[in-house]
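Engineer: here is a sequence with its predicted model. Questions after.
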Number of protein chains: 2
Amino acid sequence: MSSSAEKHDVFQAIADPTRREVLRLLAEKELPISEITSHFTMSRTAIAKHLHILSEAELVSGHKVGREKRYRLQPETLKELKQWLSFYEQFWSNKLTKLKHVVENPEENNIKGI
Amino acid sequence: MSSSAEKHDVFQAIADPTRREVLRLLAEKELPISEITSHFTMSRTAIAKHLHILSEAELVSGHKVGREKRYRLQPETLKELKQWLSFYEQFWSNKLTKLKHVVENPEENNIKGI
DNA sequence: ATTATATAAAACCATTTGGTTTCATGTCAA
DNA sequence: TTGACATGAAACCAAATGGTTTTATATAAT
């Protein structure tokens, strides 16, 4: 699944549906691996690997409590994603920006007949 | 790389750095495949495949103009991502929500000494 | 009519991904 | 101290991913 250092970023981490589901679970509360696993059909080992990837991306953090390892959400990391998104937001949300874009790119508009 | 129908979603599509770079390029203006390719070191075929994936995810759309196929950004699709993000936003941006979260999950706080 | 350009489509390939099973280790409870 | 529980780690595997090269086809330009 993975292994080496600093490999997974936020974009890769959230690409997998299972990992997104794990994030949802951890949004509610901190949970140990076994309890997270109980919400899925796949093996505990598979979930543990997903948690490693999420951890590499710093979307979650784990700490041991007794014999269990509890993971919690690290939501601040998603700011990175929000910032990436904000760049594109102008292209749909702002009518004026959209108009500006259209004016500056006349070749996109089928007005060649004029 | 891919092929079948309706396979790639937005999350998968933006997971690849090359594809994010392609989106950046198309944010400025509509471009034909060959011109997009000129911004990368990899082959045109590879870029074409990336464009297919972006197209499947409806992040871009292509239309033929003469012998070239021009792709343009379809930014509205990113709303989906924004909505996904908005759920998590409460966990970092809103101090009150954060406090609520803390209060409702006492086991996360190391106050066992009290 | 011929040649150059732009893309499409297919076959192929190495690596990564997402899963499994098995075995080892640390911790709690009786 | 002896199980039972929770995890870690390794070996293995099929399928997906991200690339390549080759061949074919449609359009543009001379």
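Structural biologist: Now that the structure is in, tell me what you want to look at.

Engineer: next, the most centrally placed residue in chain A: phi, psi?
Structural biologist: Central residue of chain A (CA atoms, centre = their mean): A:Ile14, 3.4 Å from the mean position. Backbone geometry at A:Ile14, expressed as degrees, to the nearest 10, gives phi -90, psi 0.

Engineer: contacts only, for it.
Structural biologist: Taking CB atoms under 8 Å, 6 or more residues apart in numbering or on different chains, we find A:Ile14 in contact with A:20, A:23, A:59, A:81, B:11, B:15. To be clear about C-beta, it is placed using only N, CA and C from the backbone, and glycine gets the same treatment.

Engineer: buried stuff in the helix or strand hosting A:Leu85?
Structural biologist: Assigning secondary structure by DSSP states H and E places A:Leu85 in helix A:78-93. In terms of neighbour count (16 or more other CB atoms under 10 Å in any protein chain shown), helix A:78-93 has its buried residues at A:78, A:81-82, A:84-85, A:88, A:91-92.

Engineer: elements contacting that helix?
Structural biologist: On a contact count with 3 or more CB pairs under 8 Å, 6 or more residues apart in numbering or on different chains; DSSP states H and E, helix A:78-93 meets helix A:10-13, helix A:95-104, helix B:17-28, helix B:78-93.

Engineer: re earlier: out of the buried residues of helix A:78-93, which one sits closest to DNA strand C?
Structural biologist: A:Leu81 (17.0 Å; CB to the nearest atom of the strand).

Engineer: returning to that earlier point: can I get the helices and strands packed on helix A:78-93 in JSON lines with distance to B:His52 and mean pLDDT?
Structural biologist: JSON lines is the format used below for those (distance: least, CB to CB, whole Å; pLDDT from 0 to 100):
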{"stretch": "helix A:10-13", "distance to B:His52": "19", "mean pLDDT": "98"}
{"stretch": "helix A:95-104", "distance to B:His52": "25", "mean pLDDT": "59"}
{"stretch": "helix B:17-28", "distance to B:His52": "11", "mean pLDDT": "97"}
{"stretch": "helix B:78-93", "distance to B:His52": "18", "mean pLDDT": "93"}
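
Engineer: ok, which of those helices comes nearest A:Ile33?
Structural biologist: In terms of CB to CB, the element of those nearest to A:Ile33 is helix A:10-13, at 17.0 Å.

Engineer: tell me how far A:Lys79 lies from A:Leu73.
Structural biologist: From A:Lys79 over to A:Leu73 the distance is 13 Å, taken as CB to CB, to the nearest Å.

Engineer: and what of A:Ser34?
Structural biologist: According to CB to CB, A:Ser34 stands 18 Å off from A:Leu73.
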